[in-house]
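S.K.: Turn this into a model:
(one chain, ligands or ions: 1)
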Amino acid sequence: MEKYKLLINGQWLEPQSGEWFETENPFTGQPWAMIPRCGKAEVDAAVAAAKAAFHQKSPWRTMTASARGAIVRKLGDLIAANADHLASIETRDNGKLYAEMRGQLGYIPQWYYYFGGLADKIEGRVIPIDKPGIFNYTREEPLGVIAAITPWNSPLMLATWKLAPALAAGNTIVWKPSEFSSASALEMGRLFEEAGFPPGVVNIVTGFGSDIGEPLVTHPDVAKVAFTGGDKTGEAVYGMAARGIKKVTLELGGKSANIVFDDASMDDAVKGVISGIFAATGQTCIAGSRALIHKSIHDKFVEKLLAMASQARMGDPSQMTTQVGPITTRPQYRKVLEYIEIAKQEGAVCRLGGTPAARPECGTGWFVEPTIFTGVKPTMRIANEEVFGPVLSIIPFEDEDEAVEIANNTIYGLAAGVWTQSIQRALSMPARLEAGTVWVNTYRAVSYMSPFGGFKRSGIGRESGLHAINEYLQTKSVWIDIVGNAPNPFVMR
Ligand code: NDP
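M.R.: From the prediction side, this is the model:
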């Protein structure tokens, strides 16, 4: 079994405790690698290294912004060159389809190219200040040490959304990946030195959130916490960060509505609803876990949906032909099955799946059949709580107002989909939906160029796009007297 080390100050180290934990392959259910179990000692050492790398006279702080950007872009090149390897590690560790992870790894470099390109375009402004004899300008400066805490579902992509802008802006990083998907982070860690990052600019500590989450988030030398994960953990992280008046970006969960109107192209909408909930085995924050279907097309739509979903090929996620892979973690597998039982008890009608997958091609993996419920009422738990698995709730609606009301009646606000051929609806619905992303006649599209983040309980801040770099900068206002002749010192100038 592979036995990994952790990365602090450019050194590959064993955990001080001498403890490792096993990480399992969700397709086989078997352990395949050993991950260091870090504690407070490693967190303190990693933050100290990141702080030293951020020192004003450090190589990282004294290099030009163009040189910094070139290193960030080089990291993109190295990830592209190692994409096959990194994708296969992700698939082995988190069970997501190799086809999807290879696609993500092929795309991830774009974040490093885009933000690397922005590094030397971070500019302050000269303010035409209203005080005679004063020259006033602003500087955009990095924050310092960023704690990047990431989940297991798209490990390297969601880390990249933090690392690329944070590094381009000149910060340093302590990265804590999920305990369920640390291997790809440690493999990627091998590329930082080759890209040219000075030691300590990026540090990786692995282990359990319950052990090292708090020491990391509350560490006085951490300036900001950039977190992706569930909303309950996000709430705890926000509370801990508040004690230190730290900045946060929180990318949390969702219960997104995929709304199909009676004028939609039905075949496209069926594919859109399938992609919203069964791609990535439903383990995406943007899962369209509620399909809102206009009453007049409900029955026909459900029929077509069942026909297509029942054909989904399950099995070995490393095979390019597989469409639905296993659930990533044992606890998540149990949670998905529990929600299916809750939905049944609440009176939702299970029209497809609803059980663990007992197909030979699923072997001993943690598979749940693609599951579709009809007769779901907006008040049911299955319509309100994030399942994070291949479980779809179908809710009928009468008209546009009712669709908007049901869609918005959630604590979350991450994403929404609208399927319509009406130009009016295509323009009016996005304005009415409380979500950080709205897709019209498409679903599950993201780009390094477009801001991503949540309304309401789905989060704070935005990742990707021009907005994102500002999340890792702070503005300083500089005042210079250019005429001398100091005025009355007892009166504000
Ligand atoms: P968790 O919230 O369980 O974990 C996220 C990260 O936080 C992990 O690294 C975890 O470590 C860590 N963590 C756990 N406890 C603490 C703590 N007390 N202090 C600090 N860090 C802690 O989420 P999952 O990993 O289960 O990911 C799934 C969730 O992520 C879903 O709710 C999903 O919606 C959300 N998500 C949101 C996205 C978005 O962009 N909005 C994108 C993708 C996912 P450990 O694993 O060791 O417990």
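
S.K.: how about the residues of the stretch 351-493 of the chain near the ligand?
M.R.: Residues of the stretch 351-493 of the chain lying close to the ligand (C-beta under 6 Å from any ligand atom) are Glu386, Phe388, Leu414, Gly454, Gly459. Just so you know, the C-beta spots here come from the backbone N, C-alpha and C atoms, and that holds for glycine as well.

S.K.: The same query, at a cut-off of 8 Å, please.
M.R.: Glu386, Phe388, Leu414, Phe452, Gly453, Gly454, Ser458, Gly459, Glu463 (C-beta under 8 Å from any ligand atom).

S.K.: which of those residues lies closest to Phe192?
M.R.: Glu463 (20.2 Å; C-beta to C-beta).

S.K.: show me what contacts the closest one?
M.R.: Trp161, Lys162, Pro165, Thr249, Glu251, Pro451, Phe452, Gly453, Glu471 (C-beta atoms under 8 Å, 6 or more residues apart in numbering).

S.K.: List the ones among the residues you listed that fall in strands.
M.R.: Thr249, Glu251 (DSSP state E).

S.K.: so which of the contacts of Glu463 is the most crowded?
M.R.: In terms of neighbours by other C-beta atoms under 10 Å, the contacts of Glu463 top out with Pro165 at 31 neighbours.

S.K.: Kindly provide the distance from that one to the ligand.
M.R.: 14 Å (C-beta to the nearest ligand atom, to the nearest Å).

S.K.: okay, that residue: pLDDT?
M.R.: Looking at Pro165, its pLDDT reads 98.

S.K.: which helices and strands does whichever strand or helix holds Cys350 pack with?
M.R.: Assessed by DSSP states H and E, Cys350 sits inside strand 349-352. If you count contacts as 3 or more C-beta pairs under 8 Å, 6 or more residues apart in numbering; DSSP states H and E, strand 349-352 packs onto helix 298-309, helix 330-346, strand 371-374.

S.K.: neighbouring contacts of it?
M.R.: The contact list for strand 349-352 (C-beta under 8 Å, 6+ apart) reads 302, 306, 309-310, 340, 343-344, 369-375.

S.K.: And the buried ones among the residues you listed, selectable in ChimeraX?
M.R.: Selection of buried members from those for ChimeraX, criterion 16 or more other C-beta atoms under 10 Å:
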select :302,306,309,340,343,369,370,371,372,373,374,375
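
S.K.: would JSON lines of the contacts of strand 349-352 with pLDDT be doable?
M.R.: Formatted as JSON lines, the entries for the contacts of strand 349-352 read as follows, by pLDDT from 0 to 100:
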{"residue": "Val302", "pLDDT": "98"}
{"residue": "Leu306", "pLDDT": "98"}
{"residue": "Ala309", "pLDDT": "97"}
{"residue": "Ser310", "pLDDT": "97"}
{"residue": "Ile340", "pLDDT": "98"}
{"residue": "Ala343", "pLDDT": "97"}
{"residue": "Lys344", "pLDDT": "97"}
{"residue": "Glu369", "pLDDT": "97"}
{"residue": "Pro370", "pLDDT": "97"}
{"residue": "Thr371", "pLDDT": "98"}
{"residue": "Ile372", "pLDDT": "98"}
{"residue": "Phe373", "pLDDT": "98"}
{"residue": "Thr374", "pLDDT": "98"}
{"residue": "Gly375", "pLDDT": "96"}
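
S.K.: follow-up on the earlier one: out of the helices and strands packed on strand 349-352, which is closest to Gly353?
M.R.: Of these, the one closest to Gly353 (C-beta to C-beta) turns out to be strand 371-374, at 3.6 Å.

S.K.: Okay, buried residues for the next helix or strand after the closest one please.
M.R.: Per DSSP H and E, the first helix or strand lying C-terminal to strand 371-374 is strand 391-397. The neighbour-count check on strand 391-397 (16+ other C-beta under 10 Å) flags Val391, Leu392, Ser393, Ile394, Ile395, Pro396, Phe397 as buried.

S.K.: now swap in stretch 54-70 and tell me
M.R.: Phe54, Ser58, Trp60, Met63, Ala65, Arg68, Gly69, Ala70.

S.K.: Please identify the pairing partners of the strand holding Cys350 and their relative orientation?
M.R.: As defined by DSSP bridges, the strand partners of strand 349-352 come to strand 371-374 (antiparallel).

S.K.: can you list contacts of the partner strand?
M.R.: 302, 305-306, 309, 340, 343, 348-354, 382, 390-394.

S.K.: Residue numbers of the stretch 51-200 of the chain in contact with the ligand?
M.R.: 149-154, 158, 161, 176-181.

S.K.: Report the contact partners of the spatially closest residue to Ser422 that is not a sequence neighbour.
M.R.: The shortest distance from Ser422 to any residue other than its chain neighbours is 5.5 Å, reached at Asp263 (C-beta to C-beta, 6 or more residues apart in numbering). With contact set as C-beta under 8 Å, 6+ apart, Asp263 has these partners: Thr420, Gln421, Ser422, Arg425.

S.K.: and if we set it to 6 Å?
M.R.: Thr420, Gln421, Ser422 (C-beta atoms under 6 Å, 6 or more residues apart in numbering).

S.K.: Show the pLDDT at the residue most central in space within the chain.
M.R.: Centroid-nearest residue in the chain, with C-alpha atoms, centre = their mean: Leu158, separated by 4.0 Å. For Leu158, the pLDDT comes out at 98.

S.K.: doesn't it fall inside a helix?
M.R.: Yes. With DSSP: H, G, I helix; E, B strand; the rest coil as the criterion, Leu158 is assigned to a helix.

S.K.: Contacts only, for it.
M.R.: Per C-beta under 6 Å, 6+ apart, neighbours of Leu158: Thr150, Thr228.

S.K.: how close does it get to Phe180?
M.R.: From Leu158 across to Phe180, the span is 13 Å (C-beta to C-beta, to the nearest Å).

S.K.: do you know how far Arg381 is from Ala348?
M.R.: On the measure of C-beta to C-beta, Arg381 and Ala348 end up 10 Å apart.

S.K.: Compare these two and say which one has the larger neighbour count.
M.R.: More neighbours surround Ala348 than the other of Arg381 and Ala348, with 25 against 14 (other C-beta under 10 Å).

S.K.: my guess is the more buried one meets Val376, correct?
M.R.: Yes. Between Ala348 and Val376 there is a contact under C-beta atoms under 6 Å: 4.9 Å.

S.K.: For beta bridges, what are the partners of the one residue in the stretch 1-150 of the chain that gets nearest to the ligand?
M.R.: Nearest residue of the stretch 1-150 of the chain to the ligand: Ile149, at 4.7 Å (C-beta to the nearest ligand atom). Counting by DSSP bridges, Ile149 is bridged to Lys176, Phe227.

S.K.: What is the burial count for it?
M.R.: 25.

S.K.: Need the CA coordinates for whichever strand or helix holds Ala241. PDB is fine.
M.R.: Element membership for Ala241 (DSSP H and E) is helix 231-243. Extracted C-alpha coordinates of helix 231-243, given in PDB (Å, rounded to 0.1, in the frame of the first residue of the first chain):
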ATOM      1  CA  ASP A 231     -23.400  23.900   5.400                       C
ATOM      2  CA  LYS A 232     -23.300  22.500   9.000                       C
ATOM      3  CA  THR A 233     -19.500  22.300   8.900                       C
ATOM      4  CA  GLY A 234     -19.400  25.700   7.100                       C
ATOM      5  CA  GLU A 235     -21.500  27.200   9.900                       C
ATOM      6  CA  ALA A 236     -19.000  25.800  12.500                       C
ATOM      7  CA  VAL A 237     -16.000  27.100  10.500                       C
ATOM      8  CA  TYR A 238     -17.700  30.600  10.100                       C
ATOM      9  CA  GLY A 239     -18.300  30.700  13.900                       C
ATOM     10  CA  MET A 240     -14.600  29.800  14.700                       C
ATOM     11  CA  ALA A 241     -13.300  32.300  12.100                       C
ATOM     12  CA  ALA A 242     -15.500  35.000  13.500                       C
ATOM     13  CA  ARG A 243     -13.700  34.700  16.900                       C
END
